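Asks: Could you work out the structure for the sequence below:
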Amino acid sequence: MNIPEGKKVYFSSDNHLGAPTMEESRKREAIFVQWLDRIKEDAAAIFLLGDLFDFWFEYKHVVPKGFVRTLGKLAEIRDSGIPVYFFVGNHDLWMNDYFEEELNIPVYHKPKEFQFNNKNFLIGHGDGLGPGDKGYKRMKKVFTNPLSQWLYRWLHPDLGVPLAQYFSVKNKMISGDEDQEFLGEDNEWLIQYCRRKLESKHYDYFLFGHRHLPLEIDLNGKSMYVNTGDWISHYTFAEFDGKELKLKKLNP
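Replies: Numbering: from 1, shown residues only. Okay, here's the model as predicted:
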């Protein structure tokens with residue numbers, strides 16, 4: 001993708017809409033929708049790097065109630081011709097084809113390579129990557145198993161949705177969330193993952209969410225790991241202007 005002069009690519013993650021309650025998250029949703037409305041003026045593309053929702057599960061004919069302001073704004077942006085890409089996170093990993101069919105937004109379940117103006121990017125949510133976190137990795141295999149999803153759909157949405165929302169907030173092993181403190185470069189799994197990827201291929205930028213920490217880490221003098229933070233405590237996002245990537249912060 002070539003980024004025209006004056007246009008930008010935007011990256012955002014970890015809104016966790018619906019948490020801790022729908023009433024409280026609606027305030028954050030309003031800020032996010034205002035941001036989307038602003039960046040559509042110069043966006044060449046928008047990347048949502050997962051955990052847009054604190055819980056999302058698609059039944060055959062039902063999706064979770066709420067989030068209409070966000071969904072409506074994304075539909076408007078996509079209908080205007082601006083590409084939008086969605087990477088599932090550990091809280092919305094049960095996303096299937098709703099975004100693709102209703103919003104024309106492609107959905108990715110694994111990190112994916114992109115190239116902007118001859119810069120190589122590896123983009124994803126970030127959960128379960130790198131060494132460690134074995135309990136969550138085992139749990140994720142269960143959650144993403146087609147049989148597990150088929151069985152869960154037999155729960156009525158009035159039972160299945162609030163049950164999953166409860167565990168999404170309460171059980172850290174299920175959610176896969178980590179402590180929101182920087183652990184040092186040698187102990188951050190995503191940094192180790194990026195460095196291992198660089199052993200086989202060059203990337204200019206690694207873009208991930210999941211950690212809820214806005215981070216810019218120089219990996220080897222030629223590659224950068226950027227974590228987009230969140231829209232709960234930090235209200236941070238990344239933007240690429242065709243030449244360089246910058247991490248930015250809103251002041252809501």
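Asks: Where does pLDDT dip in the stretch 1-150 of the chain?
Replies: 135-137 (pLDDT under 70).
Asks: now the helices: where do they sit in it?
Replies: Under the criterion DSSP state H, counting those that start in this stretch, the stretch 1-150 of the chain carries helices at the ranges 22-39, 68-79, 98, 134-143, 146-152.
Asks: Figure out which of those helices is closest to residue 236.
Replies: helix 22-39 (10.9 Å; Cβ to Cβ). Heads up, the C-betas are built off the backbone N, CA and C, glycines and all.
Asks: Return the set of buried residues in that closest one.
Replies: 25, 28, 29, 32, 33, 35, 36, 39 (16 or more other Cβ atoms under 10 Å).
Asks: Centre of the chain to it, how far?
Replies: 16 Å (Cα atoms, centre = their mean, to the nearest Å).
Asks: now it and helix 68-79, what's the angle there?
Replies: With axes from the mean of the first three to the mean of the last three Cα atoms, to 10 degrees applied, the angle from helix 22-39 to helix 68-79 works out at 20 degrees.
Asks: Report all helices and strands that helix 22-39 contacts.
Replies: strand 8-12, helix 68-79 (3 or more Cβ pairs under 8 Å, 6 or more residues apart in numbering; DSSP states H and E).
Asks: Packed most tightly, which of those would that be?
Replies: Scoring the helices and strands packed on helix 22-39 by mean neighbour count under mean count of other Cβ atoms under 10 Å gives strand 8-12 as the most buried, with a mean of 24.
Asks: can you pull the contacts of residue 181?
Replies: With contact set as Cβ atoms under 8 Å, 6 or more residues apart in numbering, residue 181 has these partners: residue 213.
Asks: Distance to residue 225 added to the helices and strands packed on helix 22-39, as JSON lines?
Replies: Listed next are the helices and strands packed on helix 22-39 as JSON lines, based on distance: least, Cβ to Cβ, whole Å:
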{"stretch": "strand 8-12", "distance to residue 225": "13"}
{"stretch": "helix 68-79", "distance to residue 225": "27"}
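Asks: Which one of the ones you listed lies nearest to residue 162?
Replies: Closest to residue 162 of the helices and strands packed on helix 22-39 is helix 68-79 (Cβ to Cβ; 19.1 Å).
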